[in-house]
Structures are given as C-alpha cells and as structure tokens.
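Trainee: Got a predicted structure here, sequence first:
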Amino acid sequence: MHRLALIVALAWMALPLIAQEEREVDVELFLAVDVSRSMSAAELHIQRRGYAAALRSPEVIAAIEGGLIGVIALTYVEWAGAGSQRVVVPWTLVRGAEDAGRIADRIEADAGAGMRRTSITQAIRYATRDFDGNGFAGLRRVIDVSGDGPNNQGGPVTEARDAATLRGIVINGLPLMTRDALSDRWGIPDLDTYYVRCVIGGPGAFVMPVHDWERFADAVRRKLVLEIAGHRAAVRAIPAQMRALPPYDCGIGEKIWQRNRRYFDLP
C-alpha cells in the first residue's frame, strides 16, 4: 500500500515537469513553401529572399513582440510532391529581431533545388502532424501555404483541410499568380479562388494573392503580420455568401496532371 502511494505521489510530482516541456507562445506558425518544378531557380531565390526580408522587417518584429506573450514558434518547410517535404528551419522560438534574423539567415543560405509534383494535400497533412510534440503550446496554430498551382497528387486537398481545421488549426494561403509558360500549362487563372474554395480554412482564414514577383516580399510581410498579430478580419477572408456559390472543382489540378502527364511519364 505504501509502495502504491509512493508511485502515485511521484506521478503527480512529474506532471509539472511534463507540462514545462511545452513553451507557451502566441502562435505556432508553420510556413509551408512551394518549391515544385513549375518554379524556376530564380523564383525560388526570390521566394527565399522574400521570406527572409519579411522576417527581418520592423513590422513583423513589432507583431511578435506585441503579442500577449511576446514570443512565437516558427518552422519553415519547403514542399512539392506527396513525399517531398524539406525542413529548412525546424521549430524555433522567436522572441524578437535577433532570433528572427538568425532564421532569415538560415533561409537565405539554403539553396535546395525544386522537386516534382504539387501536393498541397500532403503539405497540409505533414504540417498538421508536425504540431504534435514540437515543444510549444500556442494560443493559435497556423499553417501558411504558398503555391503556384492547384493540388495534383496525394488525394483530395479538401480532406486534408477539413482534418486540420477540425483540430483547431487555421490554414491561410499565398497563391502565386505570376504568369509564365509552366504556369500556363500546369496552373489555373483563378488560383486565388481555388485557394479560397479548396485550401484555406478555420476562423479568419484568408488568402493574399501575389501577381508580381517584385511585390512578393511585401505580400509575405503583410501576411506574417496578420498571422502573428491574430487579426481575424484579413485580406479576402471567406465571405458568408461563399456558401451560396455553386460547387467548385477542387480536383482541377489532378485533371490537369492527367492531361499533361505524357510530357513527363516514360512509356
């Protein structure tokens, strides 16, 4: 009996230690960055520089330091096809300019090449699992997905979106709507609408389209400020009337892939 009481007492004493393993932060922010081969090496470079510049910006630093707790946790992961996720920055505590600067340096130093296919589905699923056991307990959890085309691998993107939002995770989108030969072949002209109807979800979810690479860094900066500060009324938030619109084909990317696969598949 005394032995049982001792075991119970030790278990209760261990609970605070377990709880201390997770650092409380304002937001856990998963940056899911598209590096599919529809993007050129120059565009990948612009993208990395844009995220680095945004993280160093006074506006983003002020948003971090002005939170309820004053710290966030962040990870930067590049993605492409279903099995292609590359962690550039693992989950890291960000308290201010010094921490953000180190992360920005790491992003700029990375020179990973593009990878095949586009699986927004698996990027979201990977991100959703990655929150578990990351060492942080955020007041909010956000997946920030950038991409230059619709999902074309890994199953329905809406299923991944719904599974994430059921766990209280918000998904925002940064559709890259710059035009070139590859985007014309693999992309869709209404990528922003696709992201609204098929990708983003959760309270206050929004998209921020990028139409010009010269404005990419500014778009990322504004997006990070909104996500870190927790603004619910953001750019192009899903309007209530969206529910009354006719169905949207969220499988359009898979259909485009089937149409174009002869250019890449061996006989």
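Mentor: Arrived safely. Numbering: from 1, shown residues only.
Trainee: from here on, contacts and neighbour counts on C-alpha atoms
Mentor: OK.
Trainee: In which helix or strand does His45 reside?
Mentor: helix 41-56 (DSSP states H and E).
Trainee: in the following helix or strand past that helix, what counts as buried?
Mentor: Sequence order places helix 58-65 as the next helix or strand after helix 41-56, per DSSP H and E. By neighbour count on 16 or more other Cα atoms under 10 Å, the buried set for helix 58-65 is 60-65.
Trainee: Let me know the secondary structure of Asp132.
Mentor: coil (DSSP: H, G, I helix; E, B strand; the rest coil).
Trainee: from here on, count from 59
Mentor: From this message on, residue numbering opens at 59, which makes the last subject Asp190.
Trainee: On the three-state scheme, Val91 is what?
Mentor: Assignment for Val91 (three-state DSSP): strand.
Trainee: where does it sit relative to Val257, distance-wise?
Mentor: Distance, Val91 to Val257, using Cα to Cα, to the nearest Å: 14 Å.
Trainee: Name the residue in these two with the higher neighbour count.
Mentor: Val257 (28 against 23; other Cα atoms under 10 Å).
Trainee: Would you list the phi and psi of that one?
Mentor: Per-residue torsions, Val257: phi -110, psi -50 (degrees, to the nearest 10).
Trainee: Just to confirm, what confidence does the model report for it?
Mentor: We have a pLDDT of 96 for Val257.
Trainee: now do the one 4 residues further on
Mentor: You'll see Pro261 listed with a pLDDT of 91.
Trainee: Would you confirm that Glu166 contacts Arg107?
Mentor: Yes - at 5.9 Å, Glu166 and Arg107 qualify as touching, with contact defined as Cα atoms under 8 Å.
Trainee: circling back to that earlier point, between the buried residues of helix 116-123, which sits nearest Met266?
Mentor: Val118 (16.3 Å; Cα to Cα).
Trainee: For that closest one, list the residues it contacts.
Mentor: Counting by Cα atoms under 8 Å, 6 or more residues apart in numbering, Val118 touches 112, 279, 282-283, 286.
Trainee: switch to 6 Å and redo it
Mentor: Val283 (Cα atoms under 6 Å, 6 or more residues apart in numbering).
Trainee: ok, now Gly139?
Mentor: The contact partners of Gly139, taken as Cα under 6 Å, 6+ apart, are 174-177.
Trainee: Would you show me how to pick out the buried ones of those in PyMOL?
Mentor: Here is the PyMOL command that picks out the buried ones among these, judged by 16+ other Cα under 10 Å:
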select buried, resi 175+176+177
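Trainee: Under the pLDDT cut-off, which ranges of the stretch 209-325 of the chain? List them.
Mentor: By pLDDT under 70, the weakly predicted segments of the stretch 209-325 of the chain are 237-244, 289-302, 320-325.
Trainee: Would you map the strands across it?
Mentor: With DSSP state E, counting those that start in this stretch, the ranges of strands along the stretch 209-325 of the chain come out as 228-233.
Trainee: Would you state the helices of it in chain order?
Mentor: 215-224, 239-244, 249-252, 274-287, 310-318 (DSSP state H, counting those that start in this stretch).
Trainee: what about those helices, which gets the closest to Glu136?
Mentor: helix 274-287 (15.3 Å).
Trainee: If you compare the directions of that closest one and strand 228-233, what angle comes out?
Mentor: Interaxial angle, helix 274-287 versus strand 228-233 (axes from the mean of the first three to the mean of the last three Cα atoms, to 10 degrees): 170 degrees.
Trainee: List the contacts of helix 274-287.
Mentor: Contacts for helix 274-287 (Cα under 6 Å, 6+ apart): 108, 112, 118, 121.
Trainee: got a list of what the last one touches?
Mentor: Contacts for Ala121 (Cα under 6 Å, 6+ apart) come out as 283, 287.
Trainee: Look up how far Glu285 lies from it.
Mentor: 9 Å.
Trainee: What of Ser177?
Mentor: 23 Å.
Trainee: Check Arg153 too.
Mentor: Taking Cα to Cα, one finds Arg153 at 16 Å from Glu285.
Trainee: Among these two, which residue is more densely surrounded?
Mentor: Neighbour count, other Cα under 10 Å: between Arg153 and Glu285, Glu285 has more, with 26 against 17.
Trainee: Distance check, that one against Asp190.
Mentor: 20 Å.
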